[in-house]
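[1] Below is the sequence, then the predicted model.
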Amino acid sequence: MSRHLQITPSILNADFAALGAEVARIGSADWVHVDVMDNHFVPNLTFGPTMVEALARSTRIPLDAHLMIEAPDRHAPAYVEAGCGSVTFHVEAAKAPVRLAREIRAKGARASMALKPATPIEPYEDMLGELDMVLLMTVEPGFGGQKFLDLVLPKIRRARALMDKHGVETWLQVDGGVSLETIERCAEAGADVFVAGSAVYSADDPDAMVAALRAKAASAATA
Ligand SMILES: O=C(CO)[C@@H](O)[C@H](O)COP(=O)(O)O
Ligand SMILES: [Fe+2]
């Protein structure tokens with residue numbers, strides 16, 4: 001099955017004092033990945049809906065919010081209202097994931113659910129139809145610049161197989177340590193949406209890196 005591959009740079013390693021300009025450096029990105037951290041679900045703190053709303057106003061690229069927060073049931077809707085086109089909550093934090101996914105969709109965004117590296121996908125097989133995307137973390141959430149965890153590759157394959165079995169259109173995103181070294185492994189395993197933070201923002205030309213990542217993923221997906 002041919003998949004539409006998308007590159008979503010994370011701004012976590014961009015210059016927070018100049019976010020509008022930083023996003024302008026990745027004009028060919030499909031989405032801008034915004035990592036929201038609350039210092040409770042993960043030991044790091046970034047920004048909230050006010051900042052995200054300002055960023056949404058500054059770019060035509062849609063925002064892909066990744067909420068690493070303790071109470072997504074309460075706070076996720078604010079990120080739809082802030083202008084995000086996709087909102088991802090962590091299943092380890094959500095109290096009622098089906099209700100939350102339905103609420104995000106009803107408010108007009110794509111609903112997505114994230115799993116930490118050690119969280120299995122199988123218990124959520126029956127709710128894949130409620131989700132526009134599943135995010136599989138390929139590092140422990142909290143920080144950019146970590147080493148890709150190869151141990152997640154079998155889960156990417158299993159998630160793709162479940163999606164094919166159920167015939168759902170759910171996208172499969174990988175996040176953490178994705179680079180020119182690792183993106184082919186992810187694409188071969190069945191991922192179709194690739195978050196890359198440090199790989200993009202440590203490059204001299206971030207937009208050229210987006211293109212290079214896209215080309216590598218495409219060649220691996222068709223191999
Ligand atoms: O959600 C996270 C980290 O928790 C990610 O979005 C990373 O921030 C991506 O950065 P790299 O691992 O690509 O540097
Ligand atoms: Fe992320």
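    On my side now, so go ahead. Ligands and ions are numbered 1, 2, ... in the order given.
[2] Tell me which residues of stretch 193-210 come out buried.
    Residues of stretch 193-210 classed as buried by neighbour count (16 or more other C-beta atoms under 10 Å): 193-201, 203, 206-207, 209-210. Bear in mind the C-beta positions are built from the backbone N, C-alpha and C, glycine included.
[3] try stretch 172-182
    So for stretch 172-182, counting by 16+ other C-beta under 10 Å, buried means 172-179, 182.
[4] Now intersect the residues you listed with the strands, please.
    172-175 (DSSP state E).
[5] Also near ligand 1: which of those, exactly?
    For ligand 1, the contacts drawn from these by C-beta under 6 Å from any ligand atom are residue 175.
[6] filter the ones in strands among the buried residues of stretch 172-182 by proximity to ligand 2?
    When C-beta under 5 Å from the ion is applied, the members of those adjacent to ligand 2 are residue 175.
[7] Check the buried residues of stretch 172-182 and tell me the two furthest apart.
    Maximum pairwise distance among the buried residues of stretch 172-182 (C-beta to C-beta): 18.2 Å, between 172 and 179.
[8] re the thing from before, between the buried residues of stretch 193-210, which is closest to residue 65?
    When the buried residues of stretch 193-210 are compared against residue 65 (criterion: C-beta to C-beta), the nearest one is residue 195, at 11.8 Å.
[9] Wait, that closest one touches residue 177, no?
    No: Residue 195 is beyond contact range of residue 177, at 9.8 Å (criterion: C-beta atoms under 8 Å).
[10] Now for the residue in the chain that ligand 2 sits nearest to: which residues touch it?
    Closest to ligand 2 within the chain is residue 66: 3.7 Å, counting by C-beta to the ion. Each residue near residue 66 by C-beta atoms under 8 Å, 6 or more residues apart in numbering is listed here: 10, 33-36, 88, 114, 135, 175, 195.
[11] Which is the succeeding secondary structure element to the helix or strand containing it?
    Assigned by DSSP states H and E, residue 66 falls within strand 63-68. Heading C-terminal from strand 63-68, the first helix or strand you meet, by DSSP H and E, is helix 72-81.
[12] tell me the angle of that following helix relative to strand 63-68?
    160 degrees (axes from the mean of the first three to the mean of the last three C-alpha atoms, to 10 degrees).
[13] could you give the mean pLDDT of helix 72-81?
    Regarding helix 72-81, the rounded mean pLDDT is 98.
[14] So which other helices or strands are in contact with it?
    Packing partners of helix 72-81 (3 or more C-beta pairs under 8 Å, 6 or more residues apart in numbering; DSSP states H and E): helix 49-58, strand 63-68, strand 86-90, helix 97-106.
[15] Just want the angle from the second one to helix 49-58.
    By that I understand strand 63-68. Counting by the same axes, to 10 degrees, strand 63-68 lies at 160 degrees to helix 49-58.
[16] next one: the third one
    Between the direction of strand 86-90 and that of helix 49-58, the angle (the same axes, to 10 degrees) works out to 150 degrees.
[17] got the residues of the protein near ligand 1?
    Residues of the chain lying near ligand 1 by C-beta under 6 Å from any ligand atom: 10, 12-13, 33, 35, 66, 68, 139, 141-146, 175-178, 195-199.
[18] Understood, closing this out.
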